[in-house]
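Asks: starting from these lines, generate the structure:
(one chain, ligands or ions: 2)
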Amino acid sequence: MKFFSKLAVALLFVALVGMTISPSPANAQSALQKVMKDRGLTEKDMLAAAKTYTPTGGRDEYIVCSSGGQSGQIMFYGIPSMRILKYVAVFTPEPWQGYGFDDESKAVLAQGRINGKDITYGDTHHPAFSETDGNYDGKFIFINDKANPRIAVVDLHDFETKQIVVNPFFKSDHGGCFVTPNTEYIMEASQYAAPYTSDFVPLSEFNEKYRGGLTYWKFNKDIGRIEPDNSFTFEMPPYSQDLSDAGKGPSYGWGFNNSFCTERYVGGIEKGRPPYEAGCSSKDTDFLHVTNWLKAEELVKAGKVKKVNGAYLITMEQSIKEGLMYLIPEPKSPHGVDVTPDGLHMIVAGKLDSHAWVYSFEKIMKAIKDKNFESHDPYGIPIISLDVALERSVNVGLGPLHNQFDSVDGVLYTSIYVDSQITKWNYKTGKVLDTLPIHYNVGHLMTMEGDTQTPDGKYLVALNKLSIDRFNPVGPLHPQNHQLIDISGSQMELLYDMPVPLGEPHYAAAIKADKLQPAVRYKVGWDSRTDQKSPYRCRAGREKIVREDGVVHVYGTLIRSHITPETIEVYEGETVSIHLTNLERAQDETHGFAMYSQNVQLSVEPGKTVSTTFVADKAGVYPYYCTEFCSALHLEMQGYLLVMPKGYKPDDGPIEDGVKYTKADYEAQVATNVATQDVINQVVGFITSQNYQDFPPVVSLVEDATDQLGFAEESKGKAEAAAAKGDYQNAMLWANQWWQYQVKTADIGLRAKTYLEEHDSKTVKK
Ligand code: CUK
Ligand code: CUA
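Replies: Ligands and ions are numbered 1, 2, ... in the order given. From the prediction side, this is the model:
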């Protein structure tokens, strides 16, 4: 112990003095050439590397939110570095974040139950950033679950999932999430037609009883939650409504959906019928659906829309009568519709065609005004003829899927699935400007803020379905491949391949990084899932174990490096509810909490309060500990849940310490502490001699160090009091705790000092 203390003090001194080794610039050029030669890199490679490489501490210009496909999560990464920053748990339990393990997040997942059943995954497809005036505002992200028609709200204040809503009518969705220009509504269209009821309906009644649809979920920006009571759904024919996009600028108030299988074909291979893929692609065209949500909202507000399944449903009959819904032929089996940044055109690409079709919003509106319809579909919905609505169609390559816009007016990029390429073209002139082969079959593609009213261009990411031979093999299940492409010049340039080790990401959206201002800590005692003070919050020194309503409530705290309480005693069969508040104020001082065999794993970020509730059904000893390496004494951040057999009398006798301490031990420890304090004083002297107030991260480190020094001071008092009574056992133990706090202080101080040195702080005169 004594030796270790001395060594630690010596190490602190070395760290304080510091050493710098300068590289020799003379050799830099030849070293670079050697690396290029050894690794077989061309000058083009070096240029691509220079465009993406981000040195340590560097930040990215854009942050991408990508769907995580079948993982039920979403993923954030930076551009141009392509460094993955975080997977955020949405529909799927995820232990690192404690999601689906603590009571608070279990309540969020429970909102997503269907017919009373827990659904512990999602098939996420289309993330959408919240918008203000048609531009991303950096406040929220929404994501859909295609398999179980649900929408989730993630708050970008802390990147946590706050709400899950289940569609009251659909049995799948695909056309979500797409937001209206001020996030008034989040669009969610169904995909596979199904009855609106949850009972059995035979396929022979497909045309009469199966339905598609489009829900406009009302979003309340002030509270950051969807309002199911103010949301409404358009009943639609049993076509497979696919993706959505909201009108903007001149087309504000309207929504657009492409569709496939307007043949309403019902398969049945086992009965000798040709498969769905044959019957769903026999017609030459499908339908673009056009809906007027602004007018629908007025009808809802005026009380003219009836509720079905507890939610507003605008029947097809009502849509036809009120002029809320129209159809327009579109290319065969299309995939997606994209409204141009100026809101004047809608672009639809047909997977089984090689053309992208450009529709004119003005022409669509004129046809509606003139009641110029070529016919009506079998459900009576007016059809606007293609000749009337189409501006032009452009041959962009075989299997065009999705579109995304450039900052240059009229220019967009289309993903070409079959040809595995990106086509750059101009929808205003109809000219193809450039093509770039990619590896391999591309699905969506994404430019920077590319679906807003003011796209940034700059970079494009191809979200490739397959990676095949691009990466080191990791078994038959391959990662997907996101390819970064420089689109700042006239020709597209491929820069980088990023394997995506998660489910299949369908769509992604990139926001300017500086629009995101997430918190570094919560207000102390915060329930992050309800965004309110937790009723179970606990302050330092107020920790307690109480029995209320047959539940043992443990009100505990976490701070470097101990869990209070360190022993929890309950009886077999009791329900235990442990509530933990992280008292840290310091950035990134998260503590975890895992317990043997109870399926308990919590993540408690600074300020947060989380709870876990379980039945202690078996007598025994259950160690618990912190799962984040939070300090040098992290391994000692531990405790025991003791589940006593019924009727057992707790033994409150003294616990025999493994080591006995003498007065000499105590005095030696005090000497170490005094030496350590010298080191701390020197670091403090250095920091306060600098303009550290100009560096907010250092200011918060100093705040944290001051906290720790305060705790050291408390322990010092306890050590001295015990020594005064001649109790050297406790004097030594408290002196050691005093030293633990000093070590934490010194650690933080050194981090502050390093930061100042790296950021060229200046000496200031006092
Ligand atoms: S989808 Cu998967 S590539 Cu769900 Cu938008 Cu097109
Ligand atoms: Cu807290 Cu480790």
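Asks: does any bit of the longest helix along the chain sit next to ligand 2?
Replies: Assignment by DSSP state H gives helix 728-758 as the longest helix of the chain. No. For a cut-off given as C-beta under 6 Å from any ligand atom, helix 728-758 has no contacts with ligand 2; the smallest distance is 11.4 Å. All C-beta atoms are positioned from the backbone trio N, CA, C, and that covers glycine.
Asks: any idea how far that helix is from the chain center?
Replies: 36 Å (C-alpha atoms, centre = their mean, to the nearest Å).
Asks: please apply the same query to stretch 355-374.
Replies: Distance, stretch centre to chain centre, for stretch 355-374: 38 Å (C-alpha atoms, centre = their mean).
Asks: list the buried residues for that stretch?
Replies: Across stretch 355-374, burial judged by 16 or more other C-beta atoms under 10 Å covers 355-361, 363-364, 367-368, 373.
Asks: could you do stretch 742-758 as well?
Replies: In stretch 742-758, counting by 16+ other C-beta under 10 Å, buried: 742-753, 755-756.
Asks: repeat that for stretch 79-92.
Replies: Along stretch 79-92, these residues count as buried under the neighbour rule (16+ other C-beta under 10 Å): 79-82, 84, 87-92.
Asks: now do the end-to-end distance for that stretch.
Replies: End-to-end distance for stretch 79-92: 26 Å, by C-alpha to C-alpha, to the nearest Å.
Asks: average pLDDT for that stretch?
Replies: With pLDDT averaged residue by residue, stretch 79-92 scores 98.
Asks: list the contacts of stretch 495-502.
Replies: Under the criterion C-beta atoms under 8 Å, 6 or more residues apart in numbering, residues 48, 51-52, 66, 68-69, 71, 73, 75, 77, 80, 82, 84, 87, 439, 467, 470-471, 479-486 lie in contact with stretch 495-502.
Asks: which among these end up buried?
Replies: For those, buried by 16+ other C-beta under 10 Å: 48, 52, 66, 68-69, 71, 73, 75, 77, 80, 82, 84, 87, 439, 467, 470, 479-486.
Asks: restrict the residues you listed to those near ligand 2?
Replies: Near ligand 2, judged by C-beta under 6 Å from any ligand atom, there are no entries from the buried ones among the contacts of stretch 495-502.
Asks: so of these, which ones are in strands?
Replies: 66, 73, 75, 77, 84, 87, 480-486 (DSSP state E).
Asks: tally of neighbours for the nearest residue to R542 once chain neighbours are set aside?
Replies: In this structure, R542 finds its nearest non-sequential neighbour in Y555, 7.1 Å apart by C-beta to C-beta, 6 or more residues apart in numbering. Around Y555 there are 22 other residues, counting by other C-beta atoms under 10 Å.
Asks: secondary structure class for the residue in the stretch 551-700 of the chain positioned nearest to ligand 1?
Replies: Distances between the stretch 551-700 of the chain and ligand 1 by C-beta to the nearest ligand atom are smallest at S603, namely 30.2 Å. Under the three-state scheme (DSSP: H, G, I helix; E, B strand; the rest coil), S603 adopts strand.
Asks: what distance do you get for the nearest residue to it once chain neighbours are set aside to ligand 1?
Replies: Closest residue to S603 in three dimensions, ignoring its sequence neighbours and counting by C-beta to C-beta, 6+ apart: G98, at 3.9 Å. Distance, G98 to ligand 1, by C-beta to the nearest ligand atom, to the nearest Å: 29 Å.
Asks: and what of D145?
Replies: D145 is 11 Å from ligand 1, by C-beta to the nearest ligand atom.
Asks: give me the number of residues near that residue?
Replies: D145: 27 neighbours (other C-beta under 10 Å).
Asks: swap in T613?
Replies: Other residues lying near T613 total 16 when counted by other C-beta under 10 Å.
Asks: report pLDDT for G410.
Replies: On the pLDDT scale, G410 gets 98.
Asks: check contacts around the residue of the stretch 551-700 of the chain closest to ligand 1.
Replies: Here S603 is in contact with 96-98, 102, 590, 592, 610, 628 (C-beta under 8 Å, 6+ apart).
Asks: redo that, cut-off 7 Å
Replies: 96-98, 590, 592 (C-beta atoms under 7 Å, 6 or more residues apart in numbering).
Asks: make CSV out of those residues and add neighbour count and pLDDT.
Replies: Shown next, in CSV, are those (neighbours: other C-beta atoms under 10 Å; pLDDT from 0 to 100):
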residue, neighbour count, pLDDT
W96, 15, 98
Q97, 22, 98
G98, 27, 98
T590, 21, 97
G592, 21, 98
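Asks: name the element F373 belongs to?
Replies: For F373, there is no host helix or strand (DSSP states H and E).
Asks: wait, doesn't it sit right on I384?
Replies: Yes. F373 lies in contact with I384 (C-beta atoms under 7 Å); the separation is 6.0 Å.
Asks: which residue would be the closest one in this protein to ligand 1?
Replies: G443 (2.9 Å).
Asks: can I assume that residue sits in a helix?
Replies: No. Counting by three-state DSSP, G443 falls outside a helix, being strand.
Asks: and it, how many neighbours does it have?
Replies: When neighbours are counted by other C-beta under 10 Å, G443 comes out with 20.
Asks: ok, now which ones touch it?
Replies: G443 touches 401-402, 415, 463, 465, 506, counting by C-beta under 7 Å, 6+ apart.
Asks: what of T454?
Replies: Residues near T454 by C-beta under 7 Å, 6+ apart: 135, 341.
Asks: any idea how far ligand 2 is from it?
Replies: 44 Å.
Asks: hang on, that residue in a strand?
Replies: No. Counting by three-state DSSP, T454 is not part of a strand but coil.
Asks: quick check on it: phi, psi?
Replies: phi -140, psi 80 (degrees, to the nearest 10).
Asks: so H553 sits against C538, correct?
Replies: No. Using C-beta under 7 Å, H553 is not in contact with C538; the gap is 10.3 Å.
Asks: more neighbours, those two?
Replies: Taking other C-beta under 10 Å, H553 and C538 do not tie; C538 has more neighbours (22 against 19).
Asks: secondary structure element holding the residue nearest to that one when sequence neighbours are not counted?
Replies: Once flanking residues are discounted, C538 sits nearest to Y555: 4.3 Å by C-beta to C-beta, 6+ apart. Assigned by DSSP H and E, Y555 falls within strand 551-559.
Asks: what pairs with that strand, parallel or antiparallel?
Replies: Strand 551-559 pairs in its sheet with strand 544-548 (antiparallel), strand 562-564 (antiparallel), strand 575-582 (parallel), by DSSP bridges.
Asks: which stretches of this structure aren't confidently modelled?
Replies: For the chain, the stretches with pLDDT under 70 are 1-26, 765-766.
Asks: now the longest helix of the chain against strand 551-559, angle please.
Replies: 60 degrees (axes from the mean of the first three to the mean of the last three C-alpha atoms, to 10 degrees).
Asks: what's helix 728-758 packed up against?
Replies: Packing partners of helix 728-758 (3 or more C-beta pairs under 7 Å, 6 or more residues apart in numbering; DSSP states H and E): helix 2-17, helix 663-689, helix 696-724.
Asks: give the burial count for Q682, as a bare number.
Replies: With other C-beta under 10 Å as criterion, Q682 counts 17.
Asks: one step back: pretty sure the residue nearest to R542 contacts R537?
Replies: No. Between Y555 and R537 there is no contact under C-beta under 7 Å: 8.3 Å.
Asks: that older thread, any idea which of the strands paired with strand 551-559 is most buried?
Replies: strand 575-582 (a mean of 23; mean count of other C-beta atoms under 10 Å).
Asks: so what touches it?
Replies: By C-beta under 7 Å, 6+ apart, strand 575-582 touches 524-525, 536-538, 550-558, 570, 591, 593, 602, 604-616.
Asks: over to stretch 391-399?
Replies: Residues outside stretch 391-399 that contact it (C-beta under 7 Å, 6+ apart): 345, 351, 354-360, 414, 416-419, 421, 423, 425, 430, 432.
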